[in-house]
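what follows is a protein structure lacking sequence information:
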């Protein structure tokens, strides 16, 4: 394998930047966590009133703004996860389960809206949310059995053109394509081109190399690249401060190699430290009570995961 010589090194502003992010995000967390949880709990316990607005007469009740609330909740809890990991050196798998559960329901909601978009608005919408991918990937990392089926749906949605993707989000795209390769799902070659300005394309093509030492340089380069994606005021993946200190893409890589029966590479890097480098899923975390109640209320209001799955996998529709 060619030696890595051209990728950027560790961003010297990364640690200081995260501290600034932490202060801002702590204020954001304190302001929004309770009202966001309350909104989800209110729907789970009481549902929503029927709308008299004709525009909503053909929509499910859970379509009324709850997708964005779930995304907000996942991001807020991701702040919790990162804080405990950095400050307490503890990767809270139970918290990761709650983030995944919120991300999973949010993505299923979004898939439903896209399935129905041709009949509702006369065209196929392409508004899948690439920013929620880290939350979904957490499910793979902690061993949730719902994670791979959901990732397969997202990969198919990507193949059907339901994402609007460009080279601003290579880490998110990498995680989608890496999981697709693991699942032996086909993905468009043009998506790999979106990784060209990073070490991720090389890592994608060699992630399952039987020799773990062959991946060491690429893993270090990926860690360095991660630190460059955290700059506030940009539209990079981690500019809002979430996931700056969690090397979720490498945790995914290690998990997939383990599941494939391959040894994981060992290396040193300021990003690849405990509790991430030594995380091994044990017993699956307990399902989130809030998310279980929320999904049960959705089912009462007509949510049908089988309908979503069948319609996403119908790729011969030409959409």
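Noted; the coordinates are in hand. Predicted model only: the values in this text are computed from it and were never measured.

okay, CA-based contacts and neighbour counts for the rest of this
Noted.

these two touch, right, residue 135 and residue 99?
Yes: look at residue 135 against residue 99 with C-alpha atoms under 8 Å: they come within range, at 5.8 Å.

so what's in contact with those two at the same time?
Shared contacts of residue 135 and residue 99 (C-alpha atoms under 8 Å, 6 or more residues apart in numbering): 74, 78.

who's more crowded, the two?
Shown here are residue 135 and residue 99; by other C-alpha atoms under 10 Å, residue 99 has more neighbours (30 against 25).

could you look up the SS state of the more buried one?
Using DSSP: H, G, I helix; E, B strand; the rest coil, the structure places residue 99 in helix.

what is the burial count for the nearest residue to it once chain neighbours are set aside?
Excluding the flanking residues, the one nearest residue 99 by C-alpha to C-alpha, 6 or more residues apart in numbering is residue 74, at 4.8 Å. Neighbourhood size, residue 74 [other C-alpha under 10 Å]: 26.

one more: residue 259?
Applying other C-alpha under 10 Å, I find that residue 259 has 11 neighbouring residues.

how about the residue nearest to residue 99, what does it touch?
Applying C-alpha under 8 Å, 6+ apart, we find residue 74 in contact with 98-100, 102-103, 135.

same question, residue 135
74, 78, 96, 99-100, 103.

quick one: which of those is nearest residue 155?
residue 103 (15.3 Å; C-alpha to C-alpha).

ok, the closest one touching residue 132?
Yes: in terms of C-alpha under 8 Å, residue 103 counts as a neighbour of residue 132; the distance is 6.3 Å.

okay, and the common contacts of these two?
With C-alpha under 8 Å, 6+ apart, residue 103 and residue 132 have common neighbours residue 71.

residues of whichever strand or helix holds the residue nearest to residue 99 that come out buried?
Taking DSSP states H and E as the definition, residue 74 sits inside helix 66-87. Buried residues in helix 66-87, counted by 16 or more other C-alpha atoms under 10 Å: 66-67, 69-86.

what about residue 37, distance to residue 132?
Between residue 37 and residue 132 the distance is 18 Å, computed by C-alpha to C-alpha, to the nearest Å.

neighbour-wise, which of these two wins?
Neighbour comparison, residue 37 and residue 132: the larger count goes to residue 132, with 20 against 16 (by other C-alpha under 10 Å).

so that one: helix, strand or coil?
helix.

quick one, what contacts it?
Taking C-alpha under 8 Å, 6+ apart, we find residue 132 in contact with 71, 103, 107.

run the chain-centre distance for the helix or strand where the second one lies.
So the one you mean is residue 103. Assigned by DSSP H and E, residue 103 falls within helix 93-121. Distance of helix 93-121 from its chain centroid, counting by C-alpha atoms, centre = their mean, to the nearest Å, is 11 Å.

can you list the buried residues in it?
Buried residues in helix 93-121 (16+ other C-alpha under 10 Å): 93-116.

report the mean confidence score over that helix.
The pLDDT scores in helix 93-121 average 94.
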